[in-house]
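*Asks:* fold the stuff below for me.
(chains A, B, C and D)
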Amino acid sequence: MLLIHCPYCNETLPEVEFAYAGEAHIARPVNPSEVSDADWEAFLFLRDNVKGPHYERWRHLHGCGRFFNAVRDTVSDKFLTTYEAGAPRPDLASLTERLK
Amino acid sequence: MSQYRVSGRGRVDTSRPVSFTFDGKTFTGAQGDTVASALLANGVHLMGRSFKYHRPRGPVAAGSEEPNALIGTRRGAGRFEPNTRATVQEIWDGLQTNSQNKYPSLKFDVGAVNDAAYMLFSAGFYYKTFMWPRSFWDKVYEPFIRGAAGLGVSPTEEDPDHYASRNMHCDVLIVGAGPSGLAAARAAAVEGLKVVLVDESPEAGGTLLSEPQVKIDGKPAWDWLAAEVEALKALGVKIMTRTTAIAYYHQNMVGLCEKLTDHLATLPADTPRERLWRVRAGQVVLAQGALEKPLVFHGNDRPGVMLAGSAQTYLNRYGVLVGTRPVVVTSHDSAWYAAFDLADAGAKVQAIVDIREGVHEALLTEARARGIPVKLSHTATATSGRLRVSKIRVNPVRGGQVGSGTEIDCDAVLMSGGWTPSLHLFSHTKGSLAWNDDLTTFLPEKTPEDCVIAGASRGLWGVEAALRDGAEKGREVVAALGKSGASVAYAVADDRTGTGVSMKELPTDRSPGKAKAFVDYQNDVTAKDLRLAVREGMRSIEHVKRYTTNGMATDQGKMSNINGLNIASDALGKKQPQVGLTTFRPPYTPTTFGAFAGYHRGSHFEVTRKTRIDEWAAQHGAAFEPVGQWRRAWYFPKAGESMDDAVRRECAATRESLGIFDASTLGKIEVVGPDAVEFMNRMYTNPWTKLGVGRCRYGLLCGDDGFIRDDGVIGRMGQDRFHVTTTTGGAARVLNMMEDYLQTEWPDLNVWLTSTTEQWATVALNGPNAAKLLAPLVEGVELTEEAFPHMSCVECTVAGMPARLFRVSFTGEIGFEVNVPAPMGRQLWETLWDAGQQYGITPYGTETMHVLRAEKGYIIVGQDTDGTVTPFDAGMGWAVGKAKPDFVGKRGLARPDLVAKGRKQLVGLLSEDGSKLEEGAQIVFDPKQPIPMKMVGHVTSSYDVGTTGRPIALALVEGGHDRLGEIVHIPMPDRTIAAKITGTVFFDPENARLKI
Amino acid sequence: MTRFNAFNLLRHALTGHKKWTEQWPDSQPKAEYDVIIVGAGGHGLGAAYYLAKQHGITNIAVIDKGWLGGGNTGRNTTIIRSNYLYDESARLFDHSVDLWQGLSQELNYNVMYSNRGCLMLAHTVHDVQSFKRHVHSNRLNGVDNRWLTPEECKEYCPPINISKTSRYPVMGGALQERAGTARHDAVAWGYARGAAARGVDIIQNCAVTAIRRGPNGSVIGVDTDKGFIKAKKVAVSASGHNSVVMATAGVRLPLESMPLQALVSEPIKPVFPCVVMSNAVHAYCSQSDKGELVIGSGTDQYVSYSQRGGLPLIEHTIAAISEVFPIFNRMRMLRKWGGITDNTPDRSPIIGKTPVPNLYVNCGWGTGGFKATPGSAHVFAWTIAKDEPHPINAPFTLERFRTGRLIDEAAAAAVAH
Amino acid sequence: MNAPISSFASGPLVETSAARVSQSAPCGRLSLRARGDLAPFEAVLGLSLGGPIGARATAGETESIRLGPDEWMLHCPVEAVAGLEAALAPLYGSHPHSLVDVSGRETSFVIEGPRASELLTMGCPRDIETILPGSGRRTVFDGVTVILWRDAADRFRMDLWHSFAPHLLHLLETGSRELAAESL
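*Replies:* Residues are numbered from 1 along each chain as shown, chains lettered A, B, ... in the order given. Here you go, the predicted structure:
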């Protein structure tokens, strides 16, 4: 059972309070009608599903209710960082450094 | 007292006799005995039969690693469990136990014929045969194999006990209360940290309990232990005994299983049988000690043959001599001390047989002093004795050559193949192991968790080393937690450290093909099985394990993994690490299902949500159905009524006069803010801008894939305020989906969502007399077509209660939904109920609601749609705001397959012969075609208890909207039914009845 | 290859089993192959077997980063059934069940396919509607599946609790009698032995680090930690890791890899005669020939390759077992383990060609791949050999996620009301 | 035991030597959602809405707890609800916000006694001790979202949706009996 830091509550809490919400930084096209079927497929379904540092979304469902982003190593399941929704992708290199 | 109970030895209380039964015979043991120690005290070694060959077996160990002595344990009705370790189960007055896997009796078991045919039942034999004739596998071979396997029998009754669980947070969790664990606990506790110390046995102490001769800080081990335990408690350490650390999860969460009542003669009230603890620890110290390895030789499984360390434990901890004429066979010093202890306790040790050419002079001196014959560079090649060992054959080994053997009479064989660190929990953390050649074992290396490992579990032998290491590791975790601890030193005397060599099979003079030298006792895996697996191409230990089942018994390889690895790697001519170690999988020892289920049994398996009106429904004889977490009134049968009768009556009453329905479970969401209307426009397929305040509209929600997700009536209570309703099951899903879009896609929108599902109790009134009933009770609005037309909503008071009144109809009749603050729901319902008597008001449930809406062609999301249906498929294109630039699902709806011809579309179906179609029945165009038939749709809803005078159905049919009037066919098992495709509205298509 | 039969078993028994030969050699990679299959699980080894046996292609390497059969093939609960709703699924899985019937004889290796039946319990009105829809659809597809009353369910599997008062009362069940279980390891070993006997190289402990493409974009081979290996065709069947492997060829897949846990109880004498699945309660149970209750859990909620998985799921899974089978509450969990399942949005697999010429993929089996092993391997081999899908796997394309023509077994079981 | 909450007797619902659980009297409950400048709201309510998530404030008979960056729960006497709604309404034009009456949605248990916080560990995975007296949190108890108000070291209020109350009460009762049996 994971421990997750909620960037809004600024507390590290058990996974049970949170709900996973899929890969992060997959923005819904601004004008969906103008994107190709392939692009829409990518938005709906295609995922990097990386083995290693993974950008993903969680929701503090039984807490502040906020959706937020995280980088988690999908091999060790360790969180490298979590950050508020809308914030830019953190730089991986610096994160993996910090882990060492 | 029996000849095997040694007075003055052990920690059991012989002044408190305890009687229990084994296979119906009554035995007496002492308070503190386990079933195994008590039976051994009575001279009983034979306690079970093995898995495959049904060989007679006795305990080989004294702890939870025991593979042989598995018994059934019973405490009256409903309280029976199979495969309990006799070496762990404490005895209490009245405990009933029985042996397993034998027929007719433990002493004479016909299953033992397998043993005679052991040459056939070699590793993997079943992969190579039982294939002819094909049909025989199910009928003959498999039943035979299954019957022969399986050990104990299943419980047959519901479990009357209750189980508990709790969460705990601490600074330091220490697993194992042996010397290293105790020392680590002190080091952390003195720094004021919150420390939890757990041990699977009934008391703390670990090896100290078996080694009373040791002196610590000048005190005898047991005196020191008693004082230390008290001191730790005084320092606030939580010491949990009979508590097994079963598994190590992410980020230092360790699962513990605490046994609370299995050792008690009478069950205390309100006390669970077992409690599961979810412990989150800042730092974890693993101090699980080491397990002794058996020696692998022909007949090493005969009752009376056991681990030397265990014999020592039986003597020193339980005051039991496992034999009066034991022979010791060993490759490690530790067994010599076992020999000395047993000799000092009055046993006549027949010989110490050591495979090594030389040992410490000190050991030889002590042996001589006790008159114990010593045979160095000797091997054991056989034992004999039917149900108990009576002889052992030992042979000299010179330059690798095994000389001729001599037999020694004995009543027990104490063996030691050295020790293996307990690395189970460490490897749960995905920690890496490193092979150590000197100790011929794996040692812990790195782990991703905040965890250290101390004492024997990292290969340090002896009490002094364990204490020193425990204190050291304790200081390490104290430092890791940001404190600095002083070093503690322990003065230890009379310690027994030792060395040894690790063997594969012992050298033998008999044909290896004929040797029954057991590696995995319970699963009857022998050394030759392992070599056969390698011969057949199994090169990884995982393959060898799976092919032979070595290490897959209920001891999970505690006895067999390392011996198996040594033999397999020898057969492969590789070093052990190249062959690999099978991963230790949780739990550490088998753990009761009930402990995991905890409180979630019976009516509390899952929460049952009830509305404020549920109680009234129950009092009025409602039948209920589970819908999501809710239970809903399904129908209200009167005495003698079938479900159909009741629903027919409810439908008729509603159409003819007045029906009342509890709609409180519908999801409700309050959408408030300046951008509320924009948000609604983006979320729902419908346009909302033009919806006036005080009006409501049916809303359709899609996913971005274009398929229908949910629906509901939505009222505009104010310019910036919507009262959204969702399906009962969809409430949470829809709110989460809305929050997701709002927070991550459209954070710019100034709007907020609040769940009001349980704020409102919702009562639906339907029928020609609905307005008549309601009008006199309503203040604030005239219930006329002009003042309050269909699809209006208003805040007013009903029967004096503040209400949100909706004029909507899910039945085709004049309909109202009255929302009042939930606590007033029951009062509102009863007021309407009383006032409605003049109209013969009839309560109806979900089934009638389904029938009436079907007659009007209203869909139920999830029944008439299934996640592959678009608004257009459902014939609700009218609900799609095509002019809107975007909404959730708009782009998805434009995908090639969603605009393609021949999609399945919702239509009405009327059977030609007037029979009722079955929901889920499949539809074909050509009934004559052979199987597999081309199916073109299915019946989604079907009823014959409604008011249309004939059965009606809704169905999804390929290209259905262009096939109105066509005949399709529904092939049933007994016949094929023809049906005409119609529109979806079967009743009052002009909606004339909606008019007041 | 030594033929397995009772006579040989007896003959070898008399010689102390010293004369058995290895069932498959541990091969080292050659410079070039006609076909390289990435992933030595049941699906990959099976594909190699059928390529060699039915399509005359024998210059094949099956490469695995670990030991053969060490992935989901050796980590699943071995449920075999074909009572799927949609025609496409029913055909695929029933093709598999057909092959299961004679697989032991086909491979001369007893995979212990056990025709014990699979009973799916309905606990809500919606379950009943949904399962009856399955039963009707299966009947017209020639797939056996019939409806049982609660009492008939109890008679078929006595441990089931059919009390009307339980939280999720049993309202009936759908029974497929051809369904059952098999010995998972034996399936991998049997295919490996059969493939090796036909000249296929099985290369273990050799990780494929990249799929290499030529100037014209088509596949030319794979880079491994034992060097580059040339190949005319590459087929990926690396359950759990497909996204990772395919990414090296520049192909993104609609997959998410989730941890799945399973567990067994201590062994007991036969008490549980069939497979029981209860989707509403999340209880999946059968009893192995060793006597262990084999219990499937759900997938954890997040993407992970750790093969760990959390305690809450195990608690829920066992609570579900105790709810449906209360007599097991005092039984003990012996061992639990984790696997990595790759899941598609519509919970149906992808078997076929990819945008990259001569690169084929077989993935997305979610939690249900074992049952399909022979059928999937058979049609995958066909697809690789002929460079076009077999009619049975034709619908299971990558394109469906663009066009929207999903085979949505998950949505078909959508929650009602 | 799964009786509807309306049938609960008044006074303690559960009482053992370890803990006492009772249902608190009905009160007014308002969900307030707002962003940006909080001063106007604080002025009207007469209490501070600032501070970290979990922070509480009291003004007369009105209590607030911050549940999220833009979310507060207000408790007040039932009869004060209309007044608060009326008082905040004028702000809407200049400071858009959402104020929703959820008085009917929820009920509250008072959990107190020497082992009250231990009792909560049977359902709450988070460390109860990190919720300091005078603060609170929205968290989860046996899968159900609840708001915990810690009024004192050994006194909590638990807000929860009404339909979950019987289930949770039963667990609390079982738990307090267990704890009482332990201390024997």
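
*Asks:* center of chain D, which residue is that?
*Replies:* Central residue of chain D (Cα atoms, centre = their mean): D:Asp159, 3.7 Å from the mean position.

*Asks:* which residue, other than its chain neighbours, is closest to that one?
*Replies:* Distances taken as Cβ to Cβ, 6 or more residues apart in numbering or on different chains place D:Ile147 nearest to D:Asp159, at 4.0 Å, with adjacent residues excluded. Where C-beta positions appear, they are placed from N, C-alpha and C, glycine not excepted.

*Asks:* remind me which residues of chain D are low pLDDT?
*Replies:* Where chain D drops to pLDDT under 70, the residues are D:1-10, D:183-184.

*Asks:* buried sites along the lengthiest helix in it?
*Replies:* Of all segments of type helix in chain D, defined using DSSP state H, the longest is helix D:165-182. By 16 or more other Cβ atoms under 10 Å in any protein chain shown, the buried positions in helix D:165-182 come out as D:165-181.

*Asks:* same question, stretch B:900-909
*Replies:* Buried residues in stretch B:900-909, counted by 16+ other Cβ under 10 Å: B:Arg903, B:Lys904, B:Gln905, B:Leu906, B:Val907, B:Gly908, B:Leu909.

*Asks:* contacts for that stretch, please.
*Replies:* The contact list for stretch B:900-909 (Cβ atoms under 8 Å, 6 or more residues apart in numbering or on different chains) reads B:857, B:859, B:864-865, B:868-870, B:872-875, B:917, B:923, B:936-937, B:939-940, B:942, B:952-961, B:963-964, B:968, B:979-986.

*Asks:* ok so, going back, how close does the residue nearest to the centre of chain D sit to D:Ile65?
*Replies:* As judged by Cβ to Cβ, to the nearest Å, D:Asp159 and D:Ile65 stand 9 Å apart.

*Asks:* what do the two both touch?
*Replies:* Both D:Asp159 and D:Ile65 are contacted by D:Met73, D:Ile147, D:Trp149, under the criterion Cβ under 8 Å, 6+ apart.

*Asks:* quick check: bridge partners of the residue most central in space within chain A?
*Replies:* Geometric centre of chain A, nearest residue: A:Glu56, 2.0 Å, by Cα atoms, centre = their mean. Assessed by DSSP bridges, A:Glu56 has beta-bridge partners A:Glu23, A:Ala70.

*Asks:* what about B:Ala493, distance to chain C?
*Replies:* B:Ala493 is 42 Å from chain C, where distance means Cβ to the nearest Cβ, to the nearest Å.

*Asks:* mind giving me the packing neighbours of the helix-or-strand element of chain A with minimal mean pLDDT?
*Replies:* Least confident helix or strand, chain A: helix A:92-99 with a mean of 76, by mean pLDDT, DSSP states H and E. The elements that helix A:92-99 packs onto, with contact taken as 3 or more Cβ pairs under 8 Å, 6 or more residues apart in numbering or on different chains; DSSP states H and E, are strand A:53-59, strand A:67-73, strand A:79-84.

*Asks:* okay, the ones you listed in TSV with mean pLDDT next?
*Replies:* Compiled in TSV, the helices and strands packed on helix A:92-99 are given as follows (pLDDT from 0 to 100):
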stretch	mean pLDDT
strand A:53-59	97
strand A:67-73	97
strand A:79-84	96
